[in-house]
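*Asks:* please find the sequence and the predicted model below.
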Amino acid sequence: MIQVFKFVKGFDRVNLSRLFNFNVDRRTRGHPYKMVKPQAKKPARSNCFSVRSVNSWNSLPADVVAAETVNTFKSKLDNHWRGLEYSPSPK
């Protein structure tokens, strides 16, 4: 999540259009940096960073994503995840 934050906020310079597609529909709940999850047509593609990180990123609250610095984001992310209940996915 830290790397996605750096990409979105411009701390790391990358061509975001090659990695992520942002949701242009602003009626969605949550933060303004929602992403559209790309279709993984092949099983290997579903393990790519740009596919795996979208659901976790979109589920973050607006105050976490709105952090101004990387360290603030890390702190808010830790606090957010600490409050969530862990439930491992069944195999």
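*Replies:* Everything's here; your move.

*Asks:* tell me the mean pLDDT for the longest helix that the chain contains?
*Replies:* For the chain, the helix with the greatest residue count under DSSP state H is helix 70-82. Helix 70-82 comes out with an average pLDDT of 93.

*Asks:* show me what counts as buried in the helix or strand of the chain with the lowest mean pLDDT.
*Replies:* Lowest mean confidence among the helices and strands of the chain (mean pLDDT, DSSP states H and E): helix 16-19, at a mean of 72. Across helix 16-19, burial judged by 16 or more other Cβ atoms under 10 Å covers residue 19. From N, CA and C alone the C-beta is placed, and that goes for glycine too.

*Asks:* who are the packing partners of whatever helix or strand comes next after it?
*Replies:* Next in sequence after helix 16-19, counting helices and strands by DSSP states H and E, comes strand 21-22. Packing partners of strand 21-22 (3 or more Cβ pairs under 8 Å, 6 or more residues apart in numbering; DSSP states H and E): strand 35-36.

*Asks:* having no further points to raise, I will conclude here.
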